[in-house]
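Chemist: Structure for the following, please:
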Amino acid sequence: MELRIVRRTDRFDEACRFWGEVLGWPVTREWPADEHQGQGRIFGYGDVARVEFIETADVPAVTGVSVGIEHSGVDALHERMVAAGVTVTQPPTDQPWGHRNVAVEDPSGLAVTFFEWR
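Modeler: The predicted model follows:
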């Protein structure tokens, strides 16, 4: 079983840099552009979660959707993202339900919250 979030984006290179270089997610599959679609790349997280990017022009903004990802060490992740120039929409914050989380918008416009249990 696999959960895959697919995002078509006109900021393919920036999104791939964020998920691959900044977050350190490995590439599990990639393909070149052809007559049917733009280039694509899939990044893996653990055994079942994937995020896939497909290069496309004129992509609408993402609204009403956010992604939550459990990640140990959100403070260190926050520092790494800030050093890489990522726009943080919420700095590390302790939540009353037991999470410490940090929120960003990835280069493709996807809202992502990284959380750890306290």
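Chemist: Need the residues that contact the lengthiest helix in the chain.
Modeler: Identified as the longest helix of the chain according to DSSP state H is helix 74-83. Helix 74-83 is contacted by residues 22-23, 71, 88, 91-92, 100-102, 104, 114-116 when judged by CB atoms under 8 Å, 6 or more residues apart in numbering. Every C-beta, even on glycine, is put in place using the N, C-alpha and C of the backbone.
Chemist: one more time with 7 Å
Modeler: Applying CB atoms under 7 Å, 6 or more residues apart in numbering, the contact partners of helix 74-83 are V22, H71, V88, P91, P92, R100, N101, V102, V104, F114, F115, E116.
Chemist: Help me confirm that the third one comes into contact with E105.
Modeler: So that's V88. No: using CB atoms under 7 Å, V88 is not in contact with E105, being 8.8 Å away.
Chemist: Compare these two (neighbour count), which wins?
Modeler: E105 (16 against 13; other CB atoms under 10 Å).
Chemist: residues contacting the more buried one?
Modeler: T87, T89, A111.
Chemist: nearest spatial neighbour of the last one, skipping sequence neighbours?
Modeler: Spelled out, it's A111. Counting by CB to CB, 6 or more residues apart in numbering, A111 lies nearest to S66, which is 3.9 Å off, once chain neighbours are set aside.
Chemist: With the second one instead?
Modeler: Here the nearest residue to T89 in space, its sequence neighbours aside, is A103; by CB to CB, 6+ apart that works out to 4.7 Å.
Chemist: Check what pLDDT the residue sitting furthest away from the middle of the chain gets.
Modeler: Distance to the chain centre peaks in the chain at E35, reaching 26.8 Å (criterion: CA atoms, centre = their mean). At E35, the model reports a pLDDT of 87.
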